[in-house]
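A.B. asks: fold the stuff below for me.
(chains A and B)
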Amino acid sequence: MSRRVALVAGCTAGVLGLGVACLAALGSVPSATARADAWSGWTGRIDTASVSDKAAMTPDDAVAVALLARSARAASAVAYAGRAQTWTRYGSSTTDITHVPGTGTISVPAGAPSTEARLAPDGRSDSFADDGRALAVLRDNYRVLRQADLDTTVAGRPTDAVVAVDAEGVIDARYWLDHATGLLLRKELLDPKGLVRSRTGFETFALGVPRGTVVPPAAADPWTERLSAAGLVAARAHGCACPDSLPGGLALLDARRAPAGTVSSMPVVHQLFSDGVETVSLFSIEGGLGADDAAGLVARGFTRQELGDHYAWVRGGTDKEPTATVVWACKDYVLTLVTDDAVDPLGTAGAVVAALPPVPDPQDSSLWSRIARGWHRITGGGS
Amino acid sequence: MSRCLGPRIADLADGRMAPVEAEKAYAHVAVCATCRDALAAQLAVISRLDTVGPLEPSTDLFARLAGISAADPLPAIPPQGGAGARPGGAAGRRPAGSGPGSLRPPSRGRRGRIVLASAAGAAALAVAVVVGGSSALTSAVVSRPSVAPVVDTLTAEHVVSADQMPFAGPRIETVAFTDPSVTVSPTSAP
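C.D. replies: Presented below is the predicted three-dimensional model:
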């Protein structure tokens, strides 16, 4: 090969190679502007505009508000015992429940031996859910109305009925509150057609703790560290998204952290969000997803699905399995979202994934995608 | 899918596989240690590259590239025989390797440019290949917690917390938390 040919070939290879490398490098992450939009100056608030426009609604029914406020207080203060049934279109379960104020709630599956009884200690989920917080969130997103024509007896006790109506005027939830104590004795969640999609309520109910009740020891609870607002700010400074709200009017009600070495080898932050009817948990663990996770998630019934513009590992979220668990990697954290009680669980999950997107999206991390993005940016088509 | 994925591991790791095919591939990965290790290596490389911040070319990169030929043109190739046009041929053209010019060693600057250009091309192509997730860095070791073994614990924690919120209704469930020593699973790629 002559020197001229060698020189031309070398220069050509160099220029082309540098071009490819520059394009690939430029395209290796989403655009700087998009990344900055997503993360710079992160305050934890994602979507304030998605909160239902209360101004467009008629005022809450003052009687309904008072009944619900009394119910929230009674839940921890009143001693009771009964058999409760949870029903969905695809199955039901029955549990014997005893609440000992100041101690917790003892539950055992109906018919199971007492050795299977478990204790859920009182005050487990109240770092943000102080008195009135849950009701405030419900009222932020729904109009609560007293609906006397639904009054009935539940487990032989007279109740007062209250409904939660969304911005479109659709009843999303119905509550039957014990007339004497205010305790919530039955709740129904409805779909947009007005059909009941889940119901939970007492079949039998009595005030007081039955004689001879044995309180089982509480299970070891790794989620002992409550995170205050300041704790969340510190977690964000460490790189955790830790939002204080999620799309769809989901407000933060509780935040806890499991120390390293308990649930995982890294600390796990658990944030509980609610819009008053739907409840969503977001777990954040520092790290990424690897092949072990892929295999492990597949073995646990997860499939990789497209949620909006992104891919994530999804389990459930169907009519038969309404609880949806979604796993994806966002920035330097693996996020796990769990939602139940949602009319559209995967819709909720998709909105959260879009708000906390995979960076970069695995779908776009191929060499050619990066080159294409780099070229697009160099030619002025992208930011 | 029972056969090993081979080179399609890169497609799987890059998310370039069709969803249906990807599901079959992941199902195979779940039972095939070889493919699992290969996928781990690919994902480790991608994960490592994802941590690299955005790179911007220097402002004068393209100006300098464009100016290479103008500022430092290729030296004129002396005509065959050292002077004048070769009889019966185009001026300045000669067969490769013929003529006295080909026996002269290239000047230091010219040889340097050839070496530099070739080296730059090779290095740049290597970078591009690495960015594309080749197996060049498959020996990278990544240590991190694995989320898969704890995902059911997280789901249970959600149920426990949600059930105790006001207006949840009489739907109390409790769970026994699993032994942390079982759920913690550092992952490393070979």
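
A.B. asks: look up how far chain A lies from B:Thr153.
C.D. replies: Noted for B:Thr153: a distance of 6 Å to chain A, by C-beta to the nearest C-beta, to the nearest Å. Where C-beta positions appear, they are placed from N, C-alpha and C, glycine not excepted.

A.B. asks: next, that residue: phi, psi?
C.D. replies: phi -60, psi -40 (degrees, to the nearest 10).

A.B. asks: burial count for it?
C.D. replies: B:Thr153: 22 surrounding residues under other C-beta atoms under 10 Å in any protein chain shown.

A.B. asks: all helices of the stretch 101-250 of chain A, in order?
C.D. replies: A:133-141, A:229-237 (DSSP state H, counting those that start in this stretch).

A.B. asks: the ones you listed: which one's closest to A:Gly308?
C.D. replies: Across those, the minimum distance to A:Gly308, taken as C-beta to C-beta, is reached by helix A:133-141, at 21.7 Å.

A.B. asks: and the contacts of that closest one?
C.D. replies: Residues outside helix A:133-141 that contact it (C-beta atoms under 8 Å, 6 or more residues apart in numbering or on different chains) are A:51-52, A:54, A:60, A:65, A:68-69, A:72, A:144, A:164, A:166, A:249, A:251, A:253, A:274-277, B:165-167.

A.B. asks: could I get the average pLDDT for that helix?
C.D. replies: Average pLDDT, helix A:133-141: 91.

A.B. asks: for it, buried residues please.
C.D. replies: A:133-135, A:137-139, A:141 (16 or more other C-beta atoms under 10 Å in any protein chain shown).

A.B. asks: so where's the stretch 201-350 of chain A shaky on pLDDT?
C.D. replies: Residue ranges of the stretch 201-350 of chain A with pLDDT under 70: none are present.

A.B. asks: quote the end-to-end distance of stretch A:240-248.
C.D. replies: 21 Å (C-alpha to C-alpha, to the nearest Å).

A.B. asks: do the same with stretch A:189-197
C.D. replies: First-to-last residue span, stretch A:189-197, C-alpha to C-alpha: 6 Å.

A.B. asks: quick one: mean pLDDT for that stretch?
C.D. replies: pLDDT averaged over stretch A:189-197 gives 90.

A.B. asks: list of residues touching that stretch?
C.D. replies: Applying C-beta under 8 Å, 6+ apart, the external contacts of stretch A:189-197 come out as A:88-89, A:170-174, A:188, A:198-199, A:277, A:322, A:341, A:343.

A.B. asks: ok, how many other residues are close to the residue of the stretch 151-300 of chain A found nearest chain B?
C.D. replies: Taking C-beta to the nearest C-beta as the measure, the stretch 151-300 of chain A has A:Gly296 as its residue closest to chain B, at 2.6 Å. A:Gly296 has 21 neighbouring residues, counting by other C-beta under 10 Å.

A.B. asks: off-centre distance for the host helix or strand of it?
C.D. replies: Following DSSP states H and E, one finds A:Gly296 within helix A:291-299. How far helix A:291-299 lies from its chain's middle: 22 Å, per C-alpha atoms, centre = their mean, to the nearest Å.

A.B. asks: and that helix, what does it pack onto?
C.D. replies: The helices and strands touching helix A:291-299, judged by 3 or more C-beta pairs under 8 Å, 6 or more residues apart in numbering or on different chains; DSSP states H and E, are strand A:310-316, helix B:19-31, helix B:33-50.

A.B. asks: give me the below-cutoff pLDDT ranges for chain B.
C.D. replies: B:1-2, B:15, B:18-20, B:23, B:46-59, B:61-63, B:65-112, B:114-144, B:171-190.

A.B. asks: quick one: pLDDT of A:Gly102?
C.D. replies: pLDDT, A:Gly102: 85.

A.B. asks: would you mind measuring from it to chain B?
C.D. replies: Distance, A:Gly102 to chain B, using C-beta to the nearest C-beta: 14 Å.

A.B. asks: list the contacts for the nearest residue to that residue once chain neighbours are set aside?
C.D. replies: Spatial nearest neighbour of A:Gly102, excluding adjacent residues (C-beta to C-beta, 6 or more residues apart in numbering or on different chains): A:Asp122 at 6.2 Å. Shown in contact with A:Asp122 (C-beta under 8 Å, 6+ apart): A:76, A:101-105.

A.B. asks: can you report phi and psi for A:Asp122?
C.D. replies: Reported as degrees, to the nearest 10, the phi and psi values for A:Asp122 are phi -60, psi 160.

A.B. asks: could you check how far the closest residue to A:Glu116 other than its chain neighbours is from A:Asp96?
C.D. replies: Leaving out its chain neighbours, the residue that sits closest to A:Glu116 by C-beta to C-beta, 6+ apart is A:Val108, at 5.4 Å. Plainly put, A:Val108 is 5 Å away from A:Asp96 if you go by C-beta to C-beta, to the nearest Å.

A.B. asks: got it, and A:Gly347?
C.D. replies: Taking C-beta to C-beta, one finds A:Gly347 at 35 Å from A:Asp96.

A.B. asks: these two - which one has more neighbours?
C.D. replies: Using other C-beta under 10 Å, the more surrounded residue of A:Gly347 and A:Asp96 is A:Asp96, with 20 against 17.
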